[in-house]
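Trainee: What follows is a predicted structure for the sequence shown.
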Amino acid sequence: MARLQRALVNLEILNEDINDLSDTALYGDVHKRLLQMMLDTLLELNTLIGNETHASFQQMLAGSPFETVFEKKQMVSVYVKLLGYVITACEATNKASLIINDNFDERADKRLELLQVKAIRAKSQLKTVATAMGKSDYQKFLLMCGLSAPEWSWDVLRARF
């Protein structure tokens, strides 16, 4: 129980840290590191809540900012998937940009193609999960992770991929 409470507190702190980032710091190294830490914490939380009932989980969340985010304990595993897709897409896109801007050699075409496919696949999987969870829950996810860029918005996500 103490580990579960600690994981929830860690998640709340990470959420506050992300929401305290300035607009210029969003999508920078600090934001990416915080998102990875949030993913690690969500993975731990997902493991810890395995033996909890829905009612006991909701009781632990009472009064927390996640009370409306994790209305069902299965939402934790959905957030793990979504955040994993976001991190994968960001990493692949950033690596592709580095290749285009700095390191374009004779083997760059193949690496670039693989990275672009990886980013597209991650965003497509993100769209599938986001569509299944609905606009309202997806917007809660965006808010929790500080993903305010237009590329992550519901309308863009639904239109592009």
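Mentor: Sure thing, it's come through.
Trainee: what's the neighbour count on Met60?
Mentor: Number of residues near Met60 (other CB atoms under 10 Å) recorded here: 19. C-beta coordinates here come from the backbone N, C-alpha and C atoms, glycine included.
Trainee: same question, Met144
Mentor: By other CB under 10 Å, 21 other residues sit near Met144.
Trainee: From His31, how far off is it?
Mentor: Distance of Met144 to His31, computed by CB to CB, to the nearest Å: 13 Å.
Trainee: do Asn10 as well
Mentor: 17 Å.
Trainee: Now do the same for the residue lying farthest from the centre of the chain: helix, strand or coil?
Mentor: Distance to the chain centre peaks in the chain at Glu106, reaching 34.1 Å (criterion: CA atoms, centre = their mean). Per DSSP: H, G, I helix; E, B strand; the rest coil, the secondary structure class of Glu106 is coil.
Trainee: For the chain, which residues score under the pLDDT cut-off?
Mentor: For the chain, applying pLDDT under 70 flags the ranges 1, 103-104, 160-161.
Trainee: Tell me where the longest helix sits in it.
Mentor: Using DSSP state H to define each element, the chain has its longest helix at helix 74-101.
Trainee: buried stuff in it?
Mentor: Neighbour-count burial for helix 74-101 flags 75-76, 78-93, 95-96, 99 (criterion: 16 or more other CB atoms under 10 Å).
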